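Novice: For reference, the sequence and a predicted model appear below.
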Amino acid sequence: MTPDPPAPEPARVGCVVLAYGTRGEAPALVRSLPAHGVPLSSVVVVHNPARPEDPELQLPDGVEVLRMPRNRGYAAGMNAGIERHLDTADIEHVLLLTQDVRLRTGCVRALVAAAGRDPSFGALGPTLIDAGDGSVFSYGMKRTPGGVRHVRSRPDAPVARCDALDGSVLLLRAEALRAAALFDERFFMYFEETDLCLRIARSGWSVGVVTEAVAEQESGLARRPAAFGYLMVRNGLEVARRTDGARGVALAIARLVLLEHGFAAWPMIRSRGRQRITRYDRARLAGGWVGLWAFACRRFGPPPGFLVARGDISGAA
């Protein structure tokens, strides 16, 4: 009688949780990770402070914390955590989580299992659900002329190949990261995961969504509409330039600037009577046009301070 083959060794996964400011989501997320099969000893929390005087996060014992000297954005924060894990030679995968994500039961295990079944995948993500209304936010992203778009129709395959993933939940193969390099920190926030996934694909790896893995995400754009508009336009144009050259930039300007942040926004603004909504629309519109200027001037990094101040409507009535 032929003996059963030995069970494969569990994947060696390091986890990075990116936290910002003093919001309480990161500690709650970290405390939930052991139930998802992620031991606290494998977790590195990177804390981007909103202000230098922000207090330390109250985290469980055994969790490593890397506190940044200032808010360095998603790209630099995640890179700091990834580098800490890649210094450990036996790490096979790095799981990236933002503080506002909520993992449904089985999400992490499904991602790791899919990576083990098919070693051609360098990046995997879950089905993303909008935490506000429960609708499907994304089954990954597909490249189009002038940028990428979210896929919202359920794929047939258990692991659906795509071109890019959202950065709220990413399982990245360490070997693919070493081949493609880490996040480009010039993006600061938004589209840096798109750029990384495209580079991973160019390095010969596959990118995909594990449809049975599900996570919920809460969008933060309502709190900083001007900064959001700025980063989406500037970074979206930069990804279009890298993928499709001048033609991609022209198409992205038509989509990102004229349709989403430009002329089409004015009727929407005029039709809304409430002051809070009007401020939101105007802030996002202003940010988008400044983002176009920044792209033309090759200005990267965080959004200008005046946009952050102008667009902060989180406390508006």
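Specialist: Arrived safely.
Novice: in stretch 70-86, what counts as buried?
Specialist: Buried residues in stretch 70-86, defined by neighbour count with 16 or more other C-beta atoms under 10 Å: 71-82, 84-86. C-betas here are computed from N, CA, C, even on glycine.
Novice: Tell me where the stretch 51-200 of the chain has strands.
Specialist: Along the stretch 51-200 of the chain, counting by DSSP state E, counting those that start in this stretch, strands occupy 64-67, 93-98, 101-103, 121-130, 136-138, 141-144, 147-150, 159-161, 169-173.
Novice: buried sites along the last one?
Specialist: Same thing as strand 169-173. Result for strand 169-173 [16+ other C-beta under 10 Å]: buried residues 169-173.
Novice: go on, the first one?
Specialist: When burial is assessed from 16+ other C-beta under 10 Å, strand 64-67 yields the following buried residues: residue 65.
Novice: So which residues make contact with it?
Specialist: Applying C-beta atoms under 8 Å, 6 or more residues apart in numbering, the external contacts of strand 64-67 come out as 43-47, 49, 56-57, 59, 80-81, 84.
Novice: Just the buried ones out of those, please.
Specialist: Buried members of the contacts of strand 64-67, counted by 16+ other C-beta under 10 Å: 43-47, 49, 57, 59, 80-81, 84.
Novice: separation between residue 90 and residue 62?
Specialist: 19 Å (C-beta to C-beta, to the nearest Å).
Novice: Quick one, grab the pLDDT at residue 25.
Specialist: On the pLDDT scale, residue 25 is placed at 86.
Novice: okay, now it: neighbour count?
Specialist: 16 (other C-beta atoms under 10 Å).
Novice: in stretch 164-181, what's buried?
Specialist: 164-174, 176-177, 180.
Novice: Repeat that for stretch 182-202.
Specialist: Applying 16+ other C-beta under 10 Å to stretch 182-202 flags 182-201 as buried.
Novice: Show residues contacting it.
Specialist: Here stretch 182-202 makes contact (C-beta under 8 Å, 6+ apart) with 72-76, 78-79, 82-83, 122-123, 141, 143, 148, 163-167, 170, 172, 176-177, 179-181, 207, 228, 231-232, 235-236, 238-239, 242-243, 300-303.
Novice: re the thing from before, okay, the contacts of strand 64-67 in CSV with pLDDT and distance to residue 22 next?
Specialist: Formatted as CSV, the contacts of strand 64-67 follow (pLDDT from 0 to 100; distance: C-beta to C-beta, whole Å):
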residue, pLDDT, distance to residue 22
43, 95, 19
44, 96, 19
45, 96, 14
46, 96, 15
47, 94, 10
49, 89, 8
56, 87, 10
57, 88, 8
59, 90, 13
80, 96, 19
81, 96, 19
84, 93, 23
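Novice: List the ones among those residues that fall in helices.
Specialist: Using DSSP state H, 80-81, 84 are the members of the contacts of strand 64-67 that sit in helices.
Novice: Can you tell me which of those residues is nearest residue 215?
Specialist: For those, the residue nearest residue 215 by C-beta to C-beta is residue 81; the value is 18.2 Å.
Novice: element containing the nearest residue in space to the closest one that is not next to it in sequence?
Specialist: Using C-beta to C-beta, 6 or more residues apart in numbering and skipping residues adjacent in sequence, the residue nearest residue 81 is residue 16, 3.2 Å away. Assessed by DSSP states H and E, residue 16 sits inside strand 13-20.
Novice: Now that strand - C-alpha only, CSV.
Specialist: Written as CSV, here are the backbone C-alpha positions of strand 13-20 (Å, rounded to 0.1, in the frame of the first residue of the first chain):
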residue,chain,number,x,y,z
VAL,A,13,3.7,34.5,5.7
GLY,A,14,4.8,37.8,7.2
CYS,A,15,2.1,40.4,7.7
VAL,A,16,2.2,44.2,7.5
VAL,A,17,-0.6,46.3,8.9
LEU,A,18,-0.5,50.0,7.9
ALA,A,19,-1.9,52.4,10.5
TYR,A,20,-2.5,56.1,10.3
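Novice: of the strands of the stretch 51-200 of the chain, which approaches residue 296 most closely?
Specialist: Closest among these, once you apply C-beta to C-beta, is strand 147-150, at 17.1 Å.
Novice: Each with direction, which strands does the closest one pair with?
Specialist: Next to strand 147-150 in the sheet, as set by DSSP bridges, lie strand 141-144 (antiparallel).
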